[in-house]
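S.K.: output the structure for:
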Amino acid sequence: LAEEQNVPQGQLAAERSTLNAVVRVLSPTLYAWLFAFGGRRGVVAAPFYFSAVVLILAAALSLTIPSSGWKESATAPTGDAGVDKTEAEEVTGRTGKVGLA
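M.R.: Below is the predicted model of the structure:
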C-alpha cells in the first residue's frame, strides 16, 4: 500500500516508529486516568471497556476499505526466495526439523 502511495519504506518505518513511541508514552497515563475515573464511579473495568470500544471502531473502520485494498500487490515479497512456509514456520520461525547441523 505504501508503494502505491509513493511513500518510501524508510519513511513509513520512521513514521510507524514515531507513532509507536507516542502511544507508549501516552497509554499508561490514559489507562491510569480511565481506571481512576471508572473506580470513582464503581466501574473498575473502564480501561477494558475503552479498549473494547476502540477495537470495535477499528474493525468498523476496516470495513470501509474497498475490496481492492485487500488484495496483495504483485510486487509483494514472498519470503525466503519464493519458498512457501508452513503456518507453524511463519508463527514460530522454526522449521521443526530435529537433528545435528
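
S.K.: for the protein, what are the low-confidence residue spans?
M.R.: 1-2, 72-101 (pLDDT under 70).

S.K.: for it, longest helix please?
M.R.: In the chain, assigned by DSSP state H, the helix with the most residues is helix 9-40.

S.K.: now do that one: which elements does it pack against?
M.R.: Judged by 3 or more CB pairs under 8 Å, 6 or more residues apart in numbering; DSSP states H and E, the packing partners of helix 9-40 are helix 46-62. Heads up, the C-betas are built off the backbone N, CA and C, glycines and all.

S.K.: CA-only coordinates of the helix it packs on in CSV, if you can.
M.R.: Output of helix 46-62 as CSV, limited to C-alpha atoms (Å, rounded to 0.1, in the frame of the first residue of the first chain):
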residue,chain,number,x,y,z
ALA,A,46,-13.4,1.2,32.4
PRO,A,47,-10.0,0.7,30.7
PHE,A,48,-11.1,-2.7,29.4
TYR,A,49,-14.4,-1.2,28.1
PHE,A,50,-12.5,1.6,26.4
SER,A,51,-10.2,-1.0,24.7
ALA,A,52,-13.2,-2.9,23.6
VAL,A,53,-14.8,0.2,22.0
VAL,A,54,-11.5,1.1,20.3
LEU,A,55,-11.3,-2.5,18.9
ILE,A,56,-14.9,-2.3,17.6
LEU,A,57,-14.2,1.1,16.0
ALA,A,58,-11.1,-0.3,14.3
ALA,A,59,-13.0,-3.3,13.0
ALA,A,60,-15.7,-0.9,11.7
LEU,A,61,-13.1,1.3,10.1
SER,A,62,-11.5,-1.7,8.4
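
S.K.: report the inter-axis angle for that helix versus helix 9-40.
M.R.: 140 degrees (axes from the mean of the first three to the mean of the last three CA atoms, to 10 degrees).

S.K.: in helix 46-62, which residues are buried?
M.R.: Judged by neighbour count (16 or more other CB atoms under 10 Å), helix 46-62 contains these buried residues: A46, P47, F50.
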